[in-house]
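1. only the shape, not the letters, is given here:
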């Protein structure tokens, strides 16, 4: 136990003596801005090496190899549409029964003698 404690103290002192790493901040001029980027030609897109643009919140652009897996917005929209249609059809399927139950409950509530319930 004492050996472990000694090791722990020595490691802690070593860690404290090390200076914190400083990450060099890239200058604002090192990355191109989105507004300044020329759009690639159709020939570059069709015949050139595939690439992606990653636009950062600061407006800087990283030109990188294709990102994988790629999202498919049309697939997601179609999936959401199918889910909404299924939910809507399920609601419509039970709507008449629910409406009948609600109407029946309203009739029962109207027929109740609330004064008799208070006593």
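-> Sure thing, it's come through. Remember, predicted model here, so these are calculated numbers, not experimental data. Numbering: from 1, shown residues only.
2. ok, which stretches of this protein are helices?
-> 2-17, 42-47, 73-111, 114-118 (DSSP state H).
3. lowest average pLDDT across those?
-> Ranked by mean pLDDT, the helices of the chain bottom out at helix 2-17, with a mean of 58.
4. pop the domain breakdown of the protein in here.
-> Per automatic domain parsing, the structural domains of the chain span 30-68, 71-119.
5. show me what counts as buried in the first one.
-> Same thing as domain 30-68. For domain 30-68, the neighbour count (16 or more other C-beta atoms under 10 Å) marks 60, 61 as buried. Just so you know, the C-beta spots here come from the backbone N, C-alpha and C atoms, and that holds for glycine as well.
6. distance between the ends of it?
-> Between the opening and closing residues of domain 30-68 lies a distance of 25 Å (C-alpha to C-alpha, to the nearest Å).
7. now do stretch 58-75
-> Stretch 58-75 has its terminal residues 29 Å apart, counting by C-alpha to C-alpha.
8. got the contact list for that stretch?
-> Here stretch 58-75 makes contact (C-beta atoms under 8 Å, 6 or more residues apart in numbering) with 31-35, 37, 50-56.
9. swap the cut-off to 10 Å and go again
-> 26, 28, 30-37, 40, 49-56, 78-79 (C-beta atoms under 10 Å, 6 or more residues apart in numbering).
10. what do you get for stretch 80-98?
-> Stretch 80-98 has contacts (C-beta under 10 Å, 6+ apart) with residue 101.
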